[in-house]
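Peer 1: Show me how the following folds:
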Amino acid sequence: MGNGMNKILPGLYIGNFRDAKDNKQLNDNNITHIVAVHDNAKKIIEDKEYLCILASDSPDQDLTKYFPQVIKFIHKARLEGGSVLVHCLAGVSRSVTLTAAYIMTVTDLGWRDSLNAIRGARSVANPNFGFQKQLQNYENEHLEEERKKLKAMFPTNPFNDEEECRINLHCFQEYIMTGTLPSRSNDLYPLPHRAYQGQVKKEELKKSQLEKVDNSISRSLHRHNRVRRKHAIGKLVDKIDASISEI
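Peer 2: Next comes the predicted model:
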């Protein structure tokens, strides 16, 4: 969270509250528009165009109602050649949720792939359970309609966002397997749709199984140590009894 804003797509970044006040980062990344989403969201830098959303990082907070205006704001800014920073306080939950909704709407990706594409560029991305549920509901109930609306408003889409997301998904796969995000480079070939998921599921299953084995070993050691302690206490009691009998 303290390593600066991350580029998710060309012209789209996620960061935290500190990043949103860092003029060097804003200038280095050519940020022209800012989506601020937190409890006290307000315009901070005069020469940036803002969309401020007052919202808490609570599973009960409804972010879905803001999706359409955020999606329109981001897409319009990018089409006009601008760059958008989406930030909350930590750059982990609220900002990630809004960005995932945007990615879902401008690509054919579902909510899980969109979220993992973000994680491929920003490993700390982790919306709370309520927000993830809202993304799932958005996919099931509103996504097709919102895609049609966006296409009607902006018929031309010059971006290769889905290809960019495939690269991010490749990075996420590497992160799952190694624990380290690889650097983005031009030689990363976009994976076919959902191609990464099989390996990711295998790695998640392996991790789950290892955790079960580790817990089992810990319980066994705990029982073994209890037996050893009981045996040691027994021997000590025997020694004490023997000493007493010699007196």
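
Peer 1: For the rest of this, base every contact and every neighbour count on C-alpha atoms.
Peer 2: OK.

Peer 1: Could you list the low-pLDDT ranges of the protein?
Peer 2: For the chain, residues meeting the criterion pLDDT under 70 lie at 1-2, 181-247.

Peer 1: Tell me where it has helices.
Peer 2: Along the chain, the segments classed as helices by DSSP state H run 23-28, 67-79, 94-106, 111-119, 129-141, 143-153, 161-178, 197-246.

Peer 1: Counting by contacts, list what the second one packs against.
Peer 2: With contacts defined as 3 or more C-alpha pairs under 8 Å, 6 or more residues apart in numbering; DSSP states H and E, the secondary structure elements packing on helix 67-79 are strand 84-87, helix 94-106.

Peer 1: any idea how far that helix is from the chain center?
Peer 2: Between the centre of helix 67-79 and the centre of its chain there are 20 Å (C-alpha atoms, centre = their mean, to the nearest Å).

Peer 1: Tell me what angle it forms with helix 129-141.
Peer 2: Note on geometry: by axes from the mean of the first three to the mean of the last three C-alpha atoms, to 10 degrees, helix 67-79 and helix 129-141 are set 80 degrees apart in direction.

Peer 1: how about helix 67-79: buried residues?
Peer 2: By 16 or more other C-alpha atoms under 10 Å, the buried positions in helix 67-79 come out as F67, P68, V70, I71, K72, F73, I74, H75, A77, R78.

Peer 1: count of neighbours near the closest residue to P68 other than its chain neighbours?
Peer 2: Spatially, and ignoring its direct neighbours in sequence, P68 is nearest to E146 (7.4 Å; C-alpha to C-alpha, 6 or more residues apart in numbering). By other C-alpha atoms under 10 Å, the residues close to E146 number 19.

Peer 1: Check M153 too.
Peer 2: M153, neighbours per other C-alpha under 10 Å, totals 10.

Peer 1: Tell me who's in contact with Q132.
Peer 2: T97 (C-alpha atoms under 8 Å, 6 or more residues apart in numbering).

Peer 1: how close does it get to K151?
Peer 2: 25 Å (C-alpha to C-alpha, to the nearest Å).

Peer 1: what's the answer for K7, then?
Peer 2: On the measure of C-alpha to C-alpha, K7 and K151 end up 24 Å apart.

Peer 1: So which of the two has more stuff around it?
Peer 2: Each of K7 and K151 has its neighbours counted (other C-alpha under 10 Å); K7 has more, 18 against 13.

Peer 1: got a list of what that one touches?
Peer 2: With C-alpha under 8 Å, 6+ apart, K7 has these contacts: Y13, I14, A121.

Peer 1: want to throw these into JSON lines with distance to R94 and neighbour count?
Peer 2: Converted to JSON lines, the contacts of K7 look like this (distance: C-alpha to C-alpha, whole Å; neighbours: other C-alpha atoms under 10 Å):
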{"residue": "Y13", "distance to R94": "13", "neighbour count": "24"}
{"residue": "I14", "distance to R94": "10", "neighbour count": "29"}
{"residue": "A121", "distance to R94": "16", "neighbour count": "27"}
